[in-house]
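*Asks:* When you get a sec, could you give me coordinates for this:
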Amino acid sequence: MRLHLTTRVAAVATAVAIAACGTVRATATATATLGAKVATATATATATLGAKVATATATATATPGAKAGTQARAARSTSDGDWTQFGYNAQRSDVGPANTGITAANVSQLTARTVELPGTVDSSPIQVHDLRIGGRSRDVIVVTTTYGRTLALDAETGATLWQYTPPGIGSYQGSPQITTATPIVDPNRRYVYAASPDGIIHKLSLLTGRQVLSGGWPVTVTFDPAHEKIASALNISGNDLVVVTGGYIGDIPPYDGHVVLINRSSGRITHVWNSICSDRHGLIHADSCPYATAVGDNAIWGRSGAVIEPGTGRILVSTGNGAFNGSTNWGDSVLELSPTLKLLHNWTPTDEVDLDDHDLDLGSTSPALLGVVDGYNLAVQGGKAGVLSLLNLNRLDGTTGGPSARLGGELQDIATPGGSEVLTTPAVWHKGGRTWLFVGDDTSTAGYLLGTSKGRPRLSVAWEQSTPGTSPILAGGLLYVYNPDGGLVIRRPTTGQALATLPAASGHWNSPIVIGGRIVLPEGNANDHQTSGTLLIYHLPGR
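*Replies:* This is a model prediction of the structure:
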């Protein structure tokens, strides 16, 4: 582990040891100044009286501008908790806890640990707090690398607590066969589920990293992992783990974007929905479908993957380029599925053919849920075409009918930030009776406000900044946006004002989590096919 720090202070530690009855006392004081860095000092004192020996040790850490005792009090009062999945929740709001300990007033106190990893994490980390590992309670970060290594890290030190390595890693490590799926913690906090590039989902002990090998575990979710990639984050709906598949860069066929439900207890696949040949309800070989195309087949590859609607448990996915006929093939569409993967409804844009012809996948991002406004159950769908479409889930294609070949039906189309393609997950924030949508893309980051016009919902641009961004995160009242060209920008969400830009290397689809006085951000690009990488842990003093 490397440690990079960025502030100038001095620290003083004093230890006092008393051997007996106060008659022998030893005091030691240590002061440390580390240039432009946080300073830590440790002092040890020993006192001896006959056969009696007393030893005391004290450690102090100081940060510039911090008054005596301020840092210790801040560390003790920092709220902590779990961030168990991509987007913080099953609906993928990308809005975390209201209190993270990090505020506009103390962002300048953040310092960073750089943790060396045995691979690139081109996704999001997750965290579980207060796990007892190695004899003490710890906050534990879990990540999966592009070649399927899953690691548990001590959030306070960055030390590796355990590592799981897939048995077949030697057959694909260093190749373009990768995964960018974020792992997910079981609600019982005993297990974590993770993907590997060989098309397998693993159930691992959260305390030890040991793989469960009972029932149907581990579970194969594709017959052709060299063509069907597990790109999107895993999700949980009720008793089931939800997995989606797409294709690899270059859209090399054959592949079938499909949704798989796995019973978390038994490891049994309970339901499958295929985006081509959707009348077939199990895993298929994509080239066995007569509708498979020569240029790719309806990948489900947005960062969120499957989005779970609160209350109903319905599942939303969006697909990329491929065949569409409104009956068995569902390219470039938003699909609403029942909790058992029955197709309920679809929205397919009027320019579906043009999107397919020009590689403008609608499914480069997943639907973002805005909530219910004046009877409209709203969602937003982006894509590569540079358009955000406002949808009514009650009337996806403008009607209350079932799935069909009908095109259009959206409430509004509005440009993405900079008119660029969206390959990220928007954040949706409800604050003070208002609904905000934050979107990052290859050129810009913007905040949109949801309002009404002539009795119909409408989005409008509240602010836009010409800094690229991956999936924005809203936590503790601040907006965190990683620039894939380098740097993590912290903004005021209502104005877009930049409060700080924290140093970070370049990346790809990586996005942070913010919880318990820490920001955790992986760096690097999956498409570089590296077998080493880094993770940044920005933290307040004492965290």
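*Asks:* Stretch 208-228 spans what distance, first to last residue?
*Replies:* In stretch 208-228, first residue to last residue: 30 Å (CA to CA, to the nearest Å).
*Asks:* Stretch 391-407 too?
*Replies:* Span of stretch 391-407 from end to end, CA to CA: 13 Å.
*Asks:* I'd like the mean pLDDT over that stretch, please.
*Replies:* Stretch 391-407 carries an average pLDDT of 97.
*Asks:* what residues does stretch 393-404 touch?
*Replies:* Contacts with stretch 393-404, where a contact means CB atoms under 8 Å, 6 or more residues apart in numbering, come from 309, 316, 326-327, 330, 334-336, 343-348, 375-379, 406-409. The way it works is simple: take the backbone N, C-alpha and C, and place the C-beta from them, glycine included.
*Asks:* Give the buried residues for that stretch.
*Replies:* For stretch 393-404, burial by neighbour count (16 or more other CB atoms under 10 Å) applies to 393, 395-397, 403.
*Asks:* For the stretch 51-200 of the chain, which segments count as helices?
*Replies:* 70-77 (DSSP state H, counting those that start in this stretch).
*Asks:* Where does the prediction get shaky in it?
*Replies:* Confidence mapping of the stretch 51-200 of the chain against pLDDT under 70 gives the ranges 51-79.
*Asks:* repeat that for 90
*Replies:* Counting by pLDDT under 90, the stretch 51-200 of the chain has low-confidence residues at 51-81.
*Asks:* Equivalent analysis for the stretch 301-450 of the chain, please.
*Replies:* For the stretch 301-450 of the chain (pLDDT under 90), the answer is none.
*Asks:* Do a quick rundown of the strands in it.
*Replies:* For the stretch 301-450 of the chain, the strands defined by DSSP state E, counting those that start in this stretch occupy 307-308, 315-318, 334-337, 343-347, 368-373, 376-381, 387-392, 412-415, 427-431, 434-440, 445-453.
*Asks:* likewise the stretch 101-250 of the chain?
*Replies:* Going by DSSP E, counting those that start in this stretch, the stretch 101-250 of the chain shows strands at 111-117, 126-133, 136-144, 150-154, 160-164, 184-185, 191-196, 200-205, 219-220, 228-229, 235-237, 240-244, 246-247.
*Asks:* In CSV, list the ones you listed along with mean neighbour count and distance to V95.
*Replies:* Formatted as CSV, the strands of the stretch 101-250 of the chain follow (neighbours: other CB atoms under 10 Å; distance: least, CB to CB, whole Å):
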stretch, mean neighbour count, distance to V95
strand 111-117, 19, 24
strand 126-133, 18, 16
strand 136-144, 21, 20
strand 150-154, 24, 24
strand 160-164, 18, 28
strand 184-185, 22, 17
strand 191-196, 26, 22
strand 200-205, 22, 27
strand 219-220, 18, 30
strand 228-229, 24, 28
strand 235-237, 21, 16
strand 240-244, 26, 20
strand 246-247, 28, 26
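*Asks:* Let me have those in a markdown table, extended by distance to Q465.
*Replies:* Below are the strands of the stretch 101-250 of the chain laid out as a markdown table (distance: least, CB to CB, whole Å):
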| stretch | distance to Q465 |
| --- | --- |
| strand 111-117 | 23 |
| strand 126-133 | 28 |
| strand 136-144 | 29 |
| strand 150-154 | 32 |
| strand 160-164 | 37 |
| strand 184-185 | 31 |
| strand 191-196 | 34 |
| strand 200-205 | 38 |
| strand 219-220 | 42 |
| strand 228-229 | 32 |
| strand 235-237 | 30 |
| strand 240-244 | 31 |
| strand 246-247 | 30 |
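*Asks:* and of those, who's closest to L355?
*Replies:* Evaluated over the strands of the stretch 101-250 of the chain, closeness to L355 peaks at strand 246-247, with 15.8 Å, by CB to CB.
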